[in-house]
Structures are given as structure tokens and as C-alpha cells.
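1. Would you be able to build a 3D model of this:
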Amino acid sequence: MATLSASLLPLLFIARISGLIVASLVILWALAFQSSFLPPSSSQEDLVYAVLHPLLMVIGFIIISGEAILVHRWLPGSRHFKKSVHLCLQGVALASGIFGIWTKFHGQDGVVANFYSLHSWMGLICVSLFGAQWIVGFLSFWHRGEVRASRISVLPWHIFLGLYTYGLAVATAETGLLEKLTFLQSRRSVSKRCLESMVVNSLGLGLALLSGIIIFTAISPKYHVHQTKLKYSNSGASLLDERRENDRSR
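-> Numbers count the residues shown, from 1 in each chain. Predicted structure coming up:
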């Protein structure tokens, strides 16, 4: 396990640095360029909800869910403990995603007026998949007495859907950034080479880097873990073969 942690250390370091950069950029964009989120005639309450949307969806949903994916790779402790931490972090991410969508639909125009773009459709599908995935994981966590073979058969689908939903969340955020920046530039309130455009583009690149590192870390080979499971599952045969080899060498 020590060798495995050492091999993953650079990836975990890059993932944390990327997450910190992404969080800093979205905070800078939301707080330093508030006038870009709503027209000047909007109320302060509408501005707060508009600023909360990117903060909750990027930091609360994407970064925290990415951290939940990495829990199984670095967190010490039992498998049960890792699953509980993973489930809690995913629950926080789900709550942030639901509240983030609610803040977008909180405006005076209502839900239908905001549910028109590819970004909004992808966002709703992503949070719905994430919620279904979390419910299945929650039920599985509290019903550990189920047949082991069925859990092993479902595990690859759980991992695939988890990584797919995470990638879909990042893609949804990228479409949201493109949609917002295109809208601002079309109104000529933001130029193509201004500081805000650089911040938004850098945020998009940071999200792409973060998602790539987290997915690669999650699917990277677990050499020592696989060897341990193999020895555990075939302990009787392995011990017998080992004894025979020792007898022959002597």
C-alpha cells in the first residue's frame, strides 16, 4: 500500500492544485465581475442568487464530487470507513448541485424561461443521474448483507456511471462558461481580450485539467490492491503452491 500511495502522490498533488486554481478562478469571476451576471436594474437578491450558481456548481458540485472520487485512492482506514466518507462527500455535492440549480430558477422569469439552452438541459440530466447514483449507493451502503456476487457485478457499472456523470458535470460547466461569455461578448459589454474573458477561459482550461487528472487517478491500475485481492480470494491454493515451491527449492 505504501508503494501505491507513493505512485499516486504526484497525481493527487496535481489534482489538489488544479482544484485550488479552479476554486480561486470561479470566486474571482463571481465576486470581481458581479456586473456581468445581471443587468444593473436587477435587485441585490437576484444578484446574490446569480453569483451563487457558479460557486455552488463548480466548487460544491464538481470539486467536492471529484474529491469523493479520490477518497478510495488516498484515505487510510477500512473499506467501510472509505465508503462512508465517499457517500457523505457525494451527498454534499448533490445538495450543492440541487441548490445551485434552484438559484438559477429562482429569478422572476421562472423555471421555463431558464430551461432553454443545452447547458440547462445537460445540467438537469447530470444532477438527476448523480442523485440516482447517490440513492443507489446509499441503499447499498445500509444493506451490506446482499449477495456478494451481485455487488461485484454491479460495481463496474457504478464506477462507470460515477465517472460518466462527473465528466458530464464538467462538460456542462464548460457549456455554461461558453454560453455566458458569448452572451457578454455579443452585447459588447465584455471584449474578447479583457481580463474577464481571460479569467473565464482559464477557468474552462482548469476544469478540463482537473477532470482529466481525477479520472486518470481513479482508473489508474491498482497493482498492489489487485495482488492482495488475488491472494485473498485464492489463499488456499496460493499457500499450497508456495509450500510446494519452497520444498522443491530445498
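2. the longest helix in the protein is where?
-> Criterion DSSP state H: the longest helix present in the chain is helix 148-186.
3. and the closest residue to Val51 other than its chain neighbours, what element?
-> Spatial nearest neighbour of Val51, excluding adjacent residues (CB to CB, 6 or more residues apart in numbering): Ala30 at 4.6 Å. In this view, the C-beta of every residue, glycine as well, is placed from N, C-alpha and C. Ala30 is part of helix 2-32, with elements assigned from DSSP states H and E.
4. buried stuff in the very next helix or strand once past that helix?
-> The first helix or strand that comes after helix 2-32 along the chain, using DSSP H and E, is helix 44-55. Neighbour counts using 16 or more other CB atoms under 10 Å place 46-47, 49-55 of helix 44-55 among the buried residues.
5. how's this structure carved up into domains?
-> 2-219, 226-250 (automatic domain parsing).
6. Least reliable of those by average pLDDT, please.
-> When these are ranked by mean pLDDT, domain 226-250 comes last with a mean of 45.
7. Am I right that Glu174 is in contact with Gly204?
-> Yes: taking CB atoms under 8 Å as the contact criterion, Glu174 and Gly204 are neighbours in contact, 5.5 Å apart.
8. ok, so what distance separates Val127 from Trp134?
-> 10 Å (CB to CB, to the nearest Å).
9. More neighbours: the two, which one.
-> A direct count of neighbours by other CB atoms under 10 Å for Val127 and Trp134 places Val127 higher, at 23 against 20.
10. Now the residue nearest to Val22 when sequence neighbours are not counted: which helix or strand?
-> Counting by CB to CB, 6+ apart, Gly206 is the residue found nearest to Val22 once chain neighbours are left out, at 4.3 Å. Using DSSP H and E, the secondary-structure element containing Gly206 is helix 195-219.
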